[in-house]
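Engineer: compute the structure for the input listed below.
(4 chains)
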Protein chains: 2
Amino acid sequence: MGSEKVTSVEVARHAGVSQSAVSRVFTPGASVSPKMADKVLKAAEELGYRPNVLARSLITGRSRIIGLVVAYLENQFYPDALEKLSNALQAHGYHILVFMVSNDDAGIDKVMGELLDYQVDGIITASVGMSNELASRCSNAGVPVVLFNRGQDDERLNQVTSNNFEGGRKIAEFLVAGGHKRIAHIAGWAGSSTGRDREAGFRAGLEAAGQELLACVDGMYRRETAAAAALDMFKGGDRPDAVFVGNDHMAFAVMDVLRFELKLDVPGDVSVVGYDDVPLSSWPAYDLTTLRQPSNRMVEATVSTLLGWIEEGSKDVQKIKIDGPLMIRGSARVPEGWPNERL
Amino acid sequence: MGSEKVTSVEVARHAGVSQSAVSRVFTPGASVSPKMADKVLKAAEELGYRPNVLARSLITGRSRIIGLVVAYLENQFYPDALEKLSNALQAHGYHILVFMVSNDDAGIDKVMGELLDYQVDGIITASVGMSNELASRCSNAGVPVVLFNRGQDDERLNQVTSNNFEGGRKIAEFLVAGGHKRIAHIAGWAGSSTGRDREAGFRAGLEAAGQELLACVDGMYRRETAAAAALDMFKGGDRPDAVFVGNDHMAFAVMDVLRFELKLDVPGDVSVVGYDDVPLSSWPAYDLTTLRQPSNRMVEATVSTLLGWIEEGSKDVQKIKIDGPLMIRGSARVPEGWPNERL
DNA sequence: TCTCAATTTGCATACGTATGCAGAACAATC
DNA sequence: GATTGTTCTGCATACGTATGCAAATTGAGA
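Structural biologist: A predicted model of the protein is given here:
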């Protein structure tokens, strides 16, 4: 035991050929005779040789590494997306280098530097924004960036989101149609485009129906914050009869507070609607009505955008918005005759 | 725009010094005069230079990349561990390259090859086993491996788990003390050491109390399988009065079936105990009594073991088992006077 | 068998950095 | 100021691979 690394030079010697020949055998599309390929592959097999990706990338300028920046994995939507992204990229021969980051500028700056140090071929940020300066650095370094589930105005940044405005609007429509008169919102983080867009769409939808928000609080996309907001919002006698919560992760906290602390019935006393449709939402313990973010299609769009830039040299900045259906379940009163989009 | 990559050679020229000088300035512990450091850092700053990690690792033989092999992220325990592992390693200047893998030998073999191609400094497998041949390859390549939350007899593989046998035993003790007489088990995957050890400990605990398992089914660590098993196990009239489910992820499915399909009361009709203590377990919708796997300490042990091998050349194979407390909550009848370990 | 084109091979070099070695600069001591 | 010891610096080379170029081989056609 302990055979250590075996290099292309050793394989070459063992096979009685040049190092270049070995290299060519392992480079798809290079010019090699079948005889040579046989000889080399046999020698490689015997010595247990495999090309060193790092050395290769030094020459080719391609590391086949994609940097993924993610703030937290507590919200099930992100591990789910991570798994799908990783699988999709793996199928194309890429792998994901993970960078956890606290959602403030200092942390992101530091991490993004480390990212570029690894010569990543591309960057995906999940629910994380970027400073302009950072966007410039990536752009200068020729590293394409896709913001996943986060929008930003910068014209150099690709982005893939659900249609958050439209989603918010649909939910408003649904709640209004259900006869709710006192509608509140526990919003996603105001520092994020997703949070702002969902809220804006929601307000627009209410307005179109001649209603307006009874109350609105920033839940910061955090469980504790949302729970506190819910407690505060619903403890009084003049409580809302419906609430749209900015994502499912917070909606669970809100339902917990409503049902177990305030002993309210959902949806009897209050209708609750979330956003994301994470797996837990469909479990009967919550049975949450929610707007689905189609993570499969979002991942697909993210990967194809990224690979387009990396492998085909695309320069078209994509700002992709994907519509998702409202998943009607048991946490919100359903208007009579409302069509279930799941069908 | 498009300044492209800037190298140490350009910094050297710009500062009027040699390339080696630049390298030394960016190598901690190298011999450099303050004057030189100033000059170089200034030049580097002006050009926006950062060392190329890949080129560096070609020389040093250290990539500062840790490969993480993981089968699925659906069970919240794993994203949680991933986040903590990533943070801990980041603090030491390492990063995680993610490899998703289906839990069969073929997939693992393929992925492990890719892993070694990246010259990773170490490998962590989360809930994934390794063939002997694979273990040999890693060992030969000098790449240390830590199995996280999975045991295996191979004497070359480090491993960090909770004390699964003892955990299972504790749960048996708890259920027996609670006066349950018809105790069943929906086990973790029989192909995993964790599943087998928990079951063995559980059986041992029952036996010590003069009881034996009423029924036992393999839940494969999968939600659907566990749900089906629960339905089958509890639909008859002679159903168990308590069930230990091999992990929380399955326990939620079991509770869903018991409460929403079979209309049974938990813990009135049936006590349910899980294993892991994922965040969701403490939410009031489930309020699951469960044995905590102390992920913080498990991560800590994993990281220090790995870094011991990588940075200090340790050769001591560690087989670490960490005890966890039983988290007493509302899903299982509590024996009178039972001490709550949380205190 | 000889010629010419097409294919395959080897040589040399490049990628961006780290490091042993020897010489240069410097500080300290007498 | 000469001598010693110490700290810095530059030179050269190495890490493992890919690739342009020229030489070598192959095969076809006459």
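Engineer: any low-confidence regions in the stretch 201-343 of chain A?
Structural biologist: Applying pLDDT under 70 to the stretch 201-343 of chain A flags the ranges A:340-343.
Engineer: near the residue of it found nearest DNA strand C, how many other residues are there?
Structural biologist: Nearest residue of the stretch 201-343 of chain A to DNA strand C, counting by Cβ to the nearest atom of the strand: A:Ile310, 17.5 Å away. For the C-beta atoms, the positions are set from N, CA and C on the backbone; glycine is no exception. A total of 19 residues lie near A:Ile310 under the criterion other Cβ atoms under 10 Å in any protein chain shown.
Engineer: tell me how far it lies from DNA strand D.
Structural biologist: Counting by Cβ to the nearest atom of the strand, to the nearest Å, the separation of A:Ile310 from DNA strand D is 15 Å.
Engineer: how about that residue, secondary structure?
Structural biologist: Secondary structure for A:Ile310, judged by DSSP: H, G, I helix; E, B strand; the rest coil, is helix.
Engineer: dump the residue contacts of it.
Structural biologist: Contacts for A:Ile310 were tallied using Cβ atoms under 8 Å, 6 or more residues apart in numbering or on different chains; they are A:62, A:121-122, A:144.
Engineer: tell me the one among these nearest to DNA strand C.
Structural biologist: Closest to DNA strand C out of those is A:Arg62 (12.0 Å), distances taken as Cβ to the nearest atom of the strand.
Engineer: which residue packs closest to that closest one, ignoring adjacent ones?
Structural biologist: Nearest residue to A:Arg62 in three dimensions, chain neighbours excluded: A:Asp121, at 5.8 Å (Cβ to Cβ, 6 or more residues apart in numbering or on different chains).
Engineer: can you name the residue of the stretch 151-300 of chain A nearest DNA strand C?
Structural biologist: Nearest residue of the stretch 151-300 of chain A to DNA strand C, counting by Cβ to the nearest atom of the strand: A:Arg156, 22.5 Å away.
Engineer: what about the helices in chain A?
Structural biologist: Assigned helices in chain A, in chain order: A:8-15, A:19-25, A:34-47, A:53-60, A:77-91, A:105-117, A:132-141, A:164-177, A:193-208, A:223-234, A:248-256, A:295-312 (criterion: DSSP state H).
Engineer: quick one, which of these gets closest to B:Gly219.
Structural biologist: Shortest distance between B:Gly219 and the helices of chain A, using Cβ to Cβ, is found for helix A:77-91: 20.8 Å.
Engineer: contacts for the closest one?
Structural biologist: The set of residues external to helix A:77-91 that reach it, using Cβ under 8 Å, 6+ apart, is A:66, A:68, A:70, A:72-73, A:95-96, A:98, A:124, A:126-127, A:148-149, A:247-249, A:276, A:278-279, A:293, A:295-296, A:298-300, A:302-303, B:72-74, B:76, B:78-79, B:82, B:98-100, B:111.
Engineer: buried residues in it, which are they?
Structural biologist: Residues of helix A:77-91 classed as buried: A:77-86, A:88-90 (neighbour count, 16 or more other Cβ atoms under 10 Å in any protein chain shown).
Engineer: separation between A:Ile123 and A:Thr302?
Structural biologist: Counting by Cβ to Cβ, to the nearest Å, the gap between A:Ile123 and A:Thr302 amounts to 11 Å.
Engineer: next, show the common contact partners of these two.
Structural biologist: Common neighbours of A:Ile123 and A:Thr302 (criterion: Cβ under 8 Å, 6+ apart): A:Val146.
Engineer: which residues of the stretch 51-200 of chain A lie near DNA strand D?
Structural biologist: Counting by Cβ under 7 Å from any atom of the strand, the positions of the stretch 51-200 of chain A adjacent to DNA strand D are A:51-52, A:55-56, A:58-60.
Engineer: measure the residue lying closest to A:Gly324 once chain neighbours are set aside to A:Val40 for me?
Structural biologist: Taking Cβ to Cβ, 6+ apart as the measure, A:Gly324 lies nearest to A:Arg292, with 4.2 Å between them; neighbours along the chain are not counted. Relative to A:Val40, A:Arg292 is positioned 51 Å away (criterion: Cβ to Cβ).
Engineer: who's more crowded, these two?
Structural biologist: Neighbours of A:Arg292 and A:Val40, each counted by other Cβ under 10 Å, are more numerous for A:Val40; the result is 25 against 20.
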